[in-house]
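Student: requesting a structural model of the entry that follows:
(one chain, ligands or ions: 2)
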Amino acid sequence: MSIVNTVARLFNRKAKKAENDSKPQILQRKEHGISRRQLSENALKVLYRLNKEGYDAYLVGGCVRDSMLGAHPKDFDVATSATPEQVNQLFRNSRLIGRRFKLVHVLFGREVIEVATFRTSPKEEHNSQQAKTGDSGMILRDNVYGNINDDAMRRDFTINAMYYCVKDFTVHSYADGYQDAQDKLIRLMGDPETRYREDPVRMLRAIRFAAKLDFEIEHDTKAPIKMMAPLMEQIPAPRLFEEVLKLFLSGNALVTYRLLREYKLFGELFPLTEQCVADDEFAARFVEQTMINTDTRIQAGKSVTPYYFFAALLWPSLQRVQAEFLAQDIPPQPALHKAASRVIEQQLKRTSIPKRFTIPMKEIWDMQSRFQKKKGKKAAEVAESNRFRAAYDFILLREQCGENLKGLGNWWTNYQDTAEYKEVAANRKPEERHVKKRRPRRTNRGTPNDRQRSRRPE
Ligand code: ATP
Ligand code: MG
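Tutor: Ligands and ions are numbered 1, 2, ... in the order given. The predicted structure follows:
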């Protein structure tokens, strides 16, 4: 057979697949198994209202996927034929969000339902106000509207391209998404390289879903990741910060971390830490243990804070840089402060870290040496700090990883049973975050604005 024929056949097969992918498989209630009781009442209200006004509206993405798998959805997203402006007019309790990826948040107390208009791929006639792609193929603006079939093609993974219809309780699954969910497969919609180029964060999302759902990444979806990992450089630091929180503070940190390293993505997020774990056994143990402890705390229902996590991840690099300054005869405390500034400055090039987190990070590091001073009133002074608990946990973590601190952790554990400590702890000023007024939150870890920032091409 001639080469021309082979190419033509391949092309036809591809075209046929694309055509099939854009036709949904319709699953009835008893096939997909999702009951309305699993779904957010507020999200259903949004669907009913949009349907009543004559618009198409579906639940889509993680909420359909997770409900189908018997898990608890983190949040509920709606896709509709109504434009953002039309949605905004329909719901008094809503606001328009975003410019590059416009959508609407409908607020019900602390719950936020995100409503997005069906998107389609931009054609040449669309102007740069509607759609824009960078030189590398990255999508910079994505506001061209289409129908549900078009919208499904723009989703990241097949398991995220399932739509729940409340009119007849069916699920519309595209590109074998339902089958992939049964087979536990993460598969990109469309051509993997193109889709990663459009939005490199999809590589992180593939890892996150694989870890969270205990799914395999399908062969073609995983093949280009290592090679394309450096594209992560193009992603704005604030978006990567949000992704880091989702990757590591959701209860699957250890598995996620190992996968990220395997796919050469971890170094894109934490280049200094990657250097340390690659050639230092203590650093490797320290970072793994941080992941284990984070997961354990979440499983036990305890809080996890970004500042503790970042303080731990940057600790091995901090020690390295501090050692360099010490070798220049700079005394320990100034050496630590200089190292802290340098390490944070380097990290900020990859992920932003808001000031409200860098300050307590530095305090935790600073307190590590203050914990050595226990004589007279010194212990009580240390214990007064708001950061005492975190800094104490940090001491235990260091010892857990094999650092010999001469029983320091034990000493401070016993100290917490003394009357002196109890008095100090009772008088400790409340943390700022306890007195701050609460804003409506979409999830337990991100405000609606945080989320919008983290979302797709921003
Ligand atoms: P979870 O909420 O559990 O993290 P999710 O799949 O709902 O998972 P979201 O970030 O809430 O993830 O996004 C909702 C849906 O929007 C996704 O399921 C997917 O269909 C689509 N989506 C999100 N981010 C992207 C992206 N970068 N590229 C393409 N589609 C995306
Ligand atoms: Mg979601």
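Student: what's the neighbour count on the residue of the stretch 51-200 of the chain found nearest ligand 2?
Tutor: Ranked by C-beta to the ion, the top residue of the stretch 51-200 of the chain for proximity to ligand 2 is residue 62, at 3.5 Å. C-beta: built from backbone N, CA, C; applies to glycine. Look at residue 62: counted by other C-beta atoms under 10 Å, it has 19 neighbours.
Student: what's the answer for residue 103, then?
Tutor: For residue 103, the tally of surrounding residues (other C-beta under 10 Å) stands at 21.
Student: same question, residue 359
Tutor: The burial count assigned to residue 359 is 11, neighbours taken as other C-beta under 10 Å.
Student: and the longest helix for the chain?
Tutor: For the chain, the helix with the greatest residue count under DSSP state H is helix 306-327.
Student: what residues of the very next helix or strand once past that one count as buried?
Tutor: Sequence order places helix 332-348 as the next helix or strand after helix 306-327, per DSSP states H and E. Of the residues in helix 332-348, 335, 336, 337, 338, 339, 340, 342, 343, 344, 347 count as buried by neighbour count, 16 or more other C-beta atoms under 10 Å.
Student: got those as a markdown table, with distance to ligand 1 and pLDDT columns?
Tutor: Listed next are the buried residues of helix 332-348 as a markdown table, based on distance: C-beta to the nearest ligand atom, whole Å; pLDDT from 0 to 100:
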| residue | distance to ligand 1 | pLDDT |
| --- | --- | --- |
| 335 | 41 | 97 |
| 336 | 37 | 97 |
| 337 | 37 | 97 |
| 338 | 38 | 98 |
| 339 | 35 | 98 |
| 340 | 32 | 98 |
| 342 | 33 | 98 |
| 343 | 29 | 98 |
| 344 | 27 | 98 |
| 347 | 23 | 98 |
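Student: may I see those residues organised as a markdown table, with distance to residue 219 added?
Tutor: As requested, the buried residues of helix 332-348 are exported to a markdown table (distance: C-beta to C-beta, whole Å):
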| residue | distance to residue 219 |
| --- | --- |
| 335 | 49 |
| 336 | 47 |
| 337 | 49 |
| 338 | 48 |
| 339 | 43 |
| 340 | 43 |
| 342 | 42 |
| 343 | 38 |
| 344 | 39 |
| 347 | 34 |
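Student: show me which of those is closest to residue 380.
Tutor: residue 336 (22.9 Å; C-beta to C-beta).
Student: hmm, the closest one is touching residue 365, no?
Tutor: Yes: using C-beta atoms under 8 Å, residue 336 is in contact with residue 365, at 6.4 Å.
Student: hang on, the earlier thing: would you mark the buried spots in the longest helix of the chain?
Tutor: With burial defined by 16+ other C-beta under 10 Å, the residues of helix 306-327 counted as buried are 306-322, 325.
Student: quick revisit: how about the contacts made by the residue of the stretch 51-200 of the chain closest to ligand 2?
Tutor: Counting by C-beta atoms under 8 Å, 6 or more residues apart in numbering, residue 62 touches 73, 74, 75, 77, 160.
Student: as a markdown table, the residues you listed with secondary structure and distance to ligand 1 would be great.
Tutor: Rendered in a markdown table, the data for these read as follows (DSSP: H, G, I helix; E, B strand; the rest coil; distance: C-beta to the nearest ligand atom, whole Å):
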| residue | secondary structure | distance to ligand 1 |
| --- | --- | --- |
| 73 | coil | 7 |
| 74 | coil | 4 |
| 75 | coil | 5 |
| 77 | strand | 5 |
| 160 | helix | 3 |
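Student: so which of those wins on neighbours?
Tutor: residue 160 leads those on contacts (other C-beta under 10 Å) with 21 neighbours.
Student: show me where the stretch 201-350 of the chain has helices.
Tutor: With DSSP state H, counting those that start in this stretch as the definition, the stretch 201-350 of the chain shows helices at residue ranges 201-213, 219-222, 225-228, 237-248, 253-262, 266-269, 271-279, 281-299, 306-327, 332-348.
Student: ok, residue 30 to ligand 1 distance?
Tutor: Distance from residue 30 to ligand 1, counting by C-beta to the nearest ligand atom, to the nearest Å: 24 Å.
Student: which residues of the stretch 1-150 of the chain lie near ligand 2?
Tutor: Counting by C-beta under 5 Å from the ion, the residues of the stretch 1-150 of the chain close to ligand 2 are 62, 75.
Student: now the helices for the stretch 1-150 of the chain?
Tutor: Counting by DSSP H, counting those that start in this stretch, the helices of the stretch 1-150 of the chain are 3-21, 29-32, 41-52, 62-68, 84-90, 148-154.
Student: that concludes my questions; thank you for your assistance.
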